[in-house]
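Student: All I have is the shape, not the residue letters:
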């Protein structure tokens, strides 16, 4: 029985990145042997075991054969005769198909080290095309390793395009698509994930609402980059540069979906795009089973982001309505996330990347003041008049704060 560290842990060790999890392959063993040594079985489809002490995953060396659609449409075979090379052959990328033995020697049958050095994301074998989930995984790796200079090999991108055109992506579950996407949203350059999906024709299949933005023009005086899709990805890049939470990044991705629905005779203006965008945001979220909190923020950013841009010219009563719609009294965090997304929209434009955007902090400060100010209700005010009185007091507070707004 031989045990090897495999996959991402070996890759990140060679890249000198932090290793977040370790996976091991066991060659020359049976399930019974591992159980006798105290390993716990966890795999339903194929034998995966948890180490009795470290609780790390140990999988028996295996091969696989395609038997249906989607990433679950495989039969797996394990046997003590299956070699390490056979196990590594079924992996997605050469940089993920390396192993390390207990003495620290690297086993690299498919050129992973060379591709690491040359910064190439390349598939191991033609079997790559059998698993549609790999399209999302490679796009996510491209987002993660972009800062190291990694590029997808032309022949790998070609296979990804074949998968997208084959109809296999439709067999991926909503949960799996969202799981990969939310992980990608947390990467250094989440915008690259969507750029790669567009390059291989997968964006139009999985995110048609986002794909529809590309080629739609905007007014060049406000958007020198002109293209709505380009603006969306530039805004998402701003969210990454500012290290904003994935929930903000998703809202930024969705903030302008309504611009794809602007009538041709109105272009390049986008009157009412905020209202038009609400339904596509909801449709995307419903289809991918996006968590409720993500959907709620995305809808609010879509509907109200122009109000944040116009903050310093709004009436105090309008600012209060905006904050009330953002649920300021119960969820101040929503105001913070909302204003961060609006900053990304303002800066996600050609030559506006370093634009001053005081609206973000001012809106957050107003929200904090409203939250912290305790209003005493006179005993003479009863029933429905209480709500009116509270609104008047909050509008008055905002009016007082307006004197300190930047001019």
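Tutor: On my side now, so go ahead. Because the structure is a prediction, the values reported are computed rather than measured.

Student: Would you agree residue 186 is in contact with residue 246?
Tutor: Yes: assessed by CB atoms under 8 Å, residue 186 is found in contact with residue 246 at 4.9 Å. (Glycine included, C-beta is placed from N, CA and C.)

Student: Please, where are all the strands along this structure?
Tutor: Along the chain, counting by DSSP state E, strands occupy 2-6, 23-27, 40-41, 48-50, 57-60, 62-66, 74-78, 99-100, 106-107, 120-121, 151-152.

Student: Distance from the third one to the middle of the chain?
Tutor: A distance of 32 Å separates the centroid of the chain from that of strand 40-41, by CA atoms, centre = their mean, to the nearest Å.

Student: what's that strand in contact with?
Tutor: 31, 34, 35, 47, 48, 49, 50, 52 (CB atoms under 8 Å, 6 or more residues apart in numbering).

Student: the more surrounded of residue 186 and residue 246?
Tutor: Comparing residue 186 with residue 246 by other CB atoms under 10 Å, the one with more neighbours is residue 246, at 18 against 15.

Student: how far away is that one from residue 176?
Tutor: Noted for residue 246: a distance of 17 Å to residue 176, by CB to CB, to the nearest Å.

Student: same deal with residue 265?
Tutor: According to CB to CB, residue 265 and residue 176 sit 41 Å apart.

Student: ok, these two, which is more surrounded?
Tutor: Using other CB under 10 Å as the criterion, residue 265 and residue 176 rank with residue 176 on top: 16 against 5.

Student: pLDDT score assigned to that one?
Tutor: Note on residue 176: pLDDT of 95.

Student: which residues touch residue 92?
Tutor: So residue 92 contacts 123, 124, 128, 131, 134, 137, 138 (CB under 8 Å, 6+ apart).

Student: where does the stretch 151-300 of the chain have low pLDDT?
Tutor: Within the stretch 151-300 of the chain, no range satisfies pLDDT under 70.

Student: Just to check, residue 182 is in contact with residue 246?
Tutor: Yes: counting by CB under 8 Å, residue 182 does reach residue 246; the two are 5.8 Å apart.

Student: could you measure the residue most central in space within the chain against residue 130, distance?
Tutor: Central residue of the chain (CA atoms, centre = their mean): residue 185, 2.1 Å from the mean position. To residue 130, residue 185 is 27 Å away according to CB to CB.

Student: go on, residue 309?
Tutor: For residue 309, the distance to residue 130 - CB to CB - is 47 Å.

Student: Between the two, point out the one with more neighbours.
Tutor: Comparing residue 309 with residue 130 by other CB under 10 Å, the one with more neighbours is residue 130, at 18 against 14.

Student: Give me the local confidence score for the more buried one.
Tutor: 88.

Student: What's the local residue count around residue 330?
Tutor: Close neighbours of residue 330, defined as other CB under 10 Å, add up to 9.

Student: now residue 48
Tutor: 17.

Student: contacting residues for it?
Tutor: 41, 42, 57, 58, 59, 60.

Student: List the contacts of the closest residue to residue 94 other than its chain neighbours.
Tutor: The shortest distance from residue 94 to any residue other than its chain neighbours is 4.2 Å, reached at residue 112 (CB to CB, 6 or more residues apart in numbering). Residue 112 is in contact with 11, 93, 94, 95, 96, 97, 98, counting by CB under 8 Å, 6+ apart.

Student: show me what contacts residue 146?
Tutor: Residue 146 sits in contact with 188, 189, 192, where contact means CB under 8 Å, 6+ apart.

Student: mind checking how far it is from residue 119?
Tutor: Using CB to CB, one gets 10 Å for the distance from residue 146 to residue 119.

Student: again, but for residue 132
Tutor: From residue 132 over to residue 119 the distance is 25 Å, taken as CB to CB.

Student: Could you check which of those two is surrounded by more residues?
Tutor: residue 132 (25 against 13).

Student: Is it correct that the more buried one is in contact with residue 165?
Tutor: No: using CB under 8 Å, residue 132 is not in contact with residue 165, being 11.2 Å away.

Student: Identify the contacts common to those two.
Tutor: Common neighbours of residue 132 and residue 165 (CB under 8 Å, 6+ apart) do not exist.

Student: Just give me the closest of the contacts of residue 112 to residue 272.
Tutor: The shortest gap between residue 272 and any of the contacts of residue 112 belongs to residue 93, at 44.7 Å (CB to CB).

Student: Any idea what that closest one is bridged to?
Tutor: As for beta bridges, residue 93 partners with residue 123 under DSSP bridges.

Student: And the pLDDT at it?
Tutor: Residue 93 is given a pLDDT of 96.

Student: Neighbours of it, how many?
Tutor: Neighbourhood size, residue 93 [other CB under 10 Å]: 24.

Student: Looks like it contacts residue 125 (just checking).
Tutor: No: under the criterion of CB under 8 Å, residue 93 is not in contact with residue 125, lying 10.7 Å apart.

Student: about what we covered before: weed out the non-buried ones from the contacts of strand 40-41.
Tutor: By neighbour count, with 16 or more other CB atoms under 10 Å, the contacts of strand 40-41 hold 31, 34, 47, 48, 49, 50 as buried.

Student: show me the residues around the last one that make contact.
Tutor: Listed by CB under 8 Å, 6+ apart, the contact set of residue 50 reads 39, 40, 42, 56, 57, 58.
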